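A.B. asks: how would this look folded up:
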Amino acid sequence: RQDGNLPAALQKMTVIQKIKLARLGGREARALLVRDRNKVVASAVILSPKITESEVTAIAQSRSVAEEVLRRICGNREWLRSYSVKQALATNPKTPQISAIKFLSHLHERDLRSIAKSRDVSAAISAQARRVLQRKGQL
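C.D. replies: As a prediction, the model looks like this:
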């Protein structure tokens, strides 16, 4: 493929080719493929051995990524050791609610405060953030 026109090359690829590229390709390819309409292709990006923590954080923050991809991130213990990944998942409205609520107890006070006031997360998440703050005696 030519490096100049990756999006055009992706349009011509089969699903199998995209999955292979998602697993073995570079950062740019992963960034495009994680938004693929096919959930199998998007999920293959998360399974790439080359993916970095900063890429996972960016994906977790993205609102244009499929819920299935966020679910896979939630299921990976290694990535959940990262504070920034937990915070990104907790604030992403597409993260399954049960998972997002689970991450709240791990967040710092200032992040909980911003989630409690945020209109970007569901009412249940912001209410839970307020409860966590109250439990910690910081509200």
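A.B. asks: Please spell out which residues along stretch 15-29 are buried.
C.D. replies: 18-19, 21-23, 25, 29 (16 or more other Cβ atoms under 10 Å). Where you see a C-beta, it was placed from the backbone N, CA and C, and this is true even at glycine.
A.B. asks: neighbouring contacts of that stretch?
C.D. replies: 6, 10, 13, 30, 33-34, 36, 38, 40-42, 44-45, 47-50, 52, 55 (Cβ atoms under 8 Å, 6 or more residues apart in numbering).
A.B. asks: hmm, 6 Å instead?
C.D. replies: 33, 38, 41, 44-45, 48 (Cβ atoms under 6 Å, 6 or more residues apart in numbering).
A.B. asks: Can you report the mean pLDDT over the residues of it?
C.D. replies: In this model, stretch 15-29 has a mean pLDDT of 96.
A.B. asks: Work out which residue lies at the spatial centre of the chain.
C.D. replies: Nearest to the geometric centre of the chain sits residue 60, at 1.7 Å (Cα atoms, centre = their mean).
A.B. asks: Next up, identify which helix or strand the closest residue to that one other than its chain neighbours is on.
C.D. replies: Nearest residue to residue 60, sequence neighbours excluded (Cβ to Cβ, 6 or more residues apart in numbering): residue 88, at 3.6 Å. Using DSSP states H and E, residue 88 falls within helix 83-91.
A.B. asks: Can I get that helix in PDB, CA atoms only?
C.D. replies: C-alpha atoms of helix 83-91 as PDB (Å, rounded to 0.1, in the frame of the first residue of the first chain):
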ATOM      1  CA  TYR A  83      -5.600   5.600  35.700                       C
ATOM      2  CA  SER A  84      -6.100   7.500  32.500                       C
ATOM      3  CA  VAL A  85      -7.800   4.500  30.900                       C
ATOM      4  CA  LYS A  86     -10.200   4.100  33.800                       C
ATOM      5  CA  GLN A  87     -11.000   7.800  33.800                       C
ATOM      6  CA  ALA A  88     -11.600   7.800  30.000                       C
ATOM      7  CA  LEU A  89     -13.900   4.800  30.300                       C
ATOM      8  CA  ALA A  90     -15.800   6.300  33.200                       C
ATOM      9  CA  THR A  91     -16.500   9.500  31.300                       C
END
